[in-house]
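K.L.:
quick one, fold the following:
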Amino acid sequence: MERLYAFMQRMLKQTPMAFTRSADGEIGWSGRMFGIVGPRGVGKSTLVLQRIKRQHSQRDTLYVSADNMYFGDHTLYDTAEAFVVQGGGHLFIDEVHKYGNWSQELKMMYDALPNLQVCFTGSSVLDITSGWADLSRRAPLYTMQGLSFREYLAIAHGVTLPACTLEDIVEQRVEIGAVEHPVPLFKDYLKRGYYPFGREDAFEIELDQVISQTLEVDIPQFAGMTFATGQKLKQLMAIVSTLAPFKPNATQLASQIGISRNSLEDYLGYMEKAGMVARLRQLPKGLGALGKVEKVYLDNTNILYNLSSGREDIGSVRETFFLNQVRRVHEVYASPAADFLVDGMTFEVGGKGKTGKQVKGLDSAYIVKDDIEYGYGNVVPLWAFGLLY
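P.N.:
Sure thing, here's the model as predicted:
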């Protein structure tokens, strides 16, 4: 146990406190048991450690990482029980998906240690209902994604702005007076601003590792796949990176990597949950229905730039950014007339030369333009959609 306390102290000491993510205010921190899930590298660990530093006494709080060597000969449950005996009240378990028996032992904690609050983080491929059917009712999950353009401005440039609504954006009520020229900063964000480690010199190498670890370790480990399957995931990711956004031909795509159509759907589903790709669907017809997949995108523009090796399509970059940022607070669907449909509003995304031909005659339709600083009429600057969270 002393080793775990020492580990927590080291982690707390190196945790920055200058900026807190918007996700902090969306999590029910007082819950008895809850989880925070999200793709690798988006800042889940930092969020939890910041919360401990701000709100908790270290006398009754313990932070552990489930991949710590300590759990080679100790179980999570036994650790939690010993912690409670010593007066512990708040247990934070990071990367719980790396511990094989996580769901059963969380259930045991919930049932047998009623005075212990447990917060756990995990990969976004973690499906809590597949681990244990009743755990989802006991432990709600909160999903976290990478930095918004607004959060990037605060972390990288010290510019603090309030989050705005979609209505604020389309009604031209967004002000960014602290930044005289947002477009250059926006271009940097597209390349290296989505991940909190984007300011580091080795960002490209670290992002390569995030992608590889997600495809070769996280997804296969959770889904019970073999190493060879992990290689298939990497092959699929390479194909998607050259085509995205594209309308998927399941038969052709499955044939290219030597798998069945059903396996392809599973692969894309895991990759989407893990923050590698995003699928844009048509508006569903009927209650509870899932709309047909219209296009497959890479998840965010940082991955797009990383995998394109300087051959990125700027149109793909723009659409990827819009989908990535807006989906955080709204359901985004494919538009039959333009690019996207959000809450009954139609959006066509392009460069500053984009015309309104696609949305002519449509109600609540907007042209989203890159490379402009200010909007006018139904023309909205692309960067403004990065202020939603």
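K.L.:
hey, where'd the strands end up in the stretch 101-250 of the chain?
P.N.:
Taking DSSP state E, counting those that start in this stretch, the strands of the stretch 101-250 of the chain run over residues 117-123, 141-143.
K.L.:
deepest of those, which one?
P.N.:
strand 117-123 (a mean of 24; mean count of other CB atoms under 10 Å). Every C-beta, even on glycine, is put in place using the N, C-alpha and C of the backbone.
K.L.:
which elements pack onto that strand?
P.N.:
strand 33-38, helix 44-55, strand 90-94, helix 102-112 (3 or more CB pairs under 8 Å, 6 or more residues apart in numbering; DSSP states H and E).
K.L.:
let me know which of these is the nearest to Leu76.
P.N.:
Leu76 lies closest to helix 102-112 among these, at 4.6 Å (CB to CB).
K.L.:
now do that closest one: distance to the chain's middle.
P.N.:
Relative to its chain's centre, helix 102-112 lies at 26 Å (CA atoms, centre = their mean, to the nearest Å).
K.L.:
quick check: buried residues in that helix?
P.N.:
Within helix 102-112, the residues scored as buried using 16 or more other CB atoms under 10 Å are Trp102, Ser103, Glu105, Leu106, Lys107, Met108, Met109, Tyr110.
K.L.:
do the same with stretch 332-341
P.N.:
Val332, Tyr333, Ala334, Ser335, Ala338, Asp339, Phe340, Leu341.
K.L.:
between those residues, which is closest to Leu49?
P.N.:
Val332 (31.6 Å).
K.L.:
these two touch, right, that closest one and Met345?
P.N.:
No: counting by CB atoms under 8 Å, Val332 does not reach Met345; the two are 10.5 Å apart.
K.L.:
ok, which of the strands of the stretch 101-250 of the chain comes nearest Met225?
P.N.:
strand 117-123 (13.7 Å).
K.L.:
tell me the mean pLDDT over the closest one?
P.N.:
The pLDDT scores in strand 117-123 average 94.
K.L.:
again, but for stretch 29-47
P.N.:
96.
K.L.:
residues of it that come out buried?
P.N.:
In stretch 29-47, counting by 16+ other CB under 10 Å, buried: 32-47.
K.L.:
farthest pair within the residues you listed?
P.N.:
Pairwise over those, using CB to CB, the maximum falls at Arg32 and Gly41, 28.5 Å.
K.L.:
tabulate the helices and strands packed on strand 117-123 (TSV), appending distance to Val159.
P.N.:
Converted to TSV, these look like this (distance: least, CB to CB, whole Å):
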stretch	distance to Val159
strand 33-38	24
helix 44-55	20
strand 90-94	30
helix 102-112	39
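K.L.:
of all those, which one is nearest Gln145?
P.N.:
That would be strand 33-38 among those, by CB to CB, at 6.0 Å.
K.L.:
paired strands for that closest one, with orientation please.
P.N.:
In the sheet, strand 33-38 lines up against strand 117-123 (parallel), strand 141-143 (parallel) (DSSP bridges).
K.L.:
closest one to Gln235 among the ones you listed?
P.N.:
strand 117-123 (20.8 Å).
K.L.:
OK, contacts around the residue most central in space within the chain?
P.N.:
Nearest to the geometric centre of the chain sits Gln145, at 2.5 Å (CA atoms, centre = their mean). Contact partners of Gln145, counting by CB atoms under 8 Å, 6 or more residues apart in numbering, are Gly38, Pro39, Val42, Gly275, Asn324, Arg328.
K.L.:
can I get the residues you listed in JSON lines including distance to Leu388?
P.N.:
As requested, the contacts of Gln145 are arranged in JSON lines below (distance: CB to CB, whole Å):
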{"residue": "Gly38", "distance to Leu388": "17"}
{"residue": "Pro39", "distance to Leu388": "18"}
{"residue": "Val42", "distance to Leu388": "16"}
{"residue": "Gly275", "distance to Leu388": "18"}
{"residue": "Asn324", "distance to Leu388": "11"}
{"residue": "Arg328", "distance to Leu388": "6"}
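K.L.:
let me know the closest of those to Asp218.
P.N.:
Nearest member of these to Asp218, counting by CB to CB, is Pro39, at 8.9 Å.
K.L.:
what's around the closest residue to that closest one other than its chain neighbours, how many residues?
P.N.:
Once flanking residues are discounted, Pro39 sits nearest to Gly275: 2.6 Å by CB to CB, 6 or more residues apart in numbering. When counting by other CB atoms under 10 Å, one arrives at 27 neighbours for Gly275.
K.L.:
wait, Gly275 sits on Gly38?
P.N.:
Yes: Gly275 lies in contact with Gly38 (CB under 8 Å); the separation is 7.1 Å.
K.L.:
quickly list what's touching both of the two.
P.N.:
Ser124, Gln145.
K.L.:
returning to that earlier point: closest to Glu175 out of the strands paired with strand 33-38?
P.N.:
Once those are compared by CB to CB, strand 141-143 is nearest, at 29.0 Å.
K.L.:
how far does the closest one sit from the chain's center?
P.N.:
For strand 141-143, the distance to the chain centre is 10 Å (CA atoms, centre = their mean).
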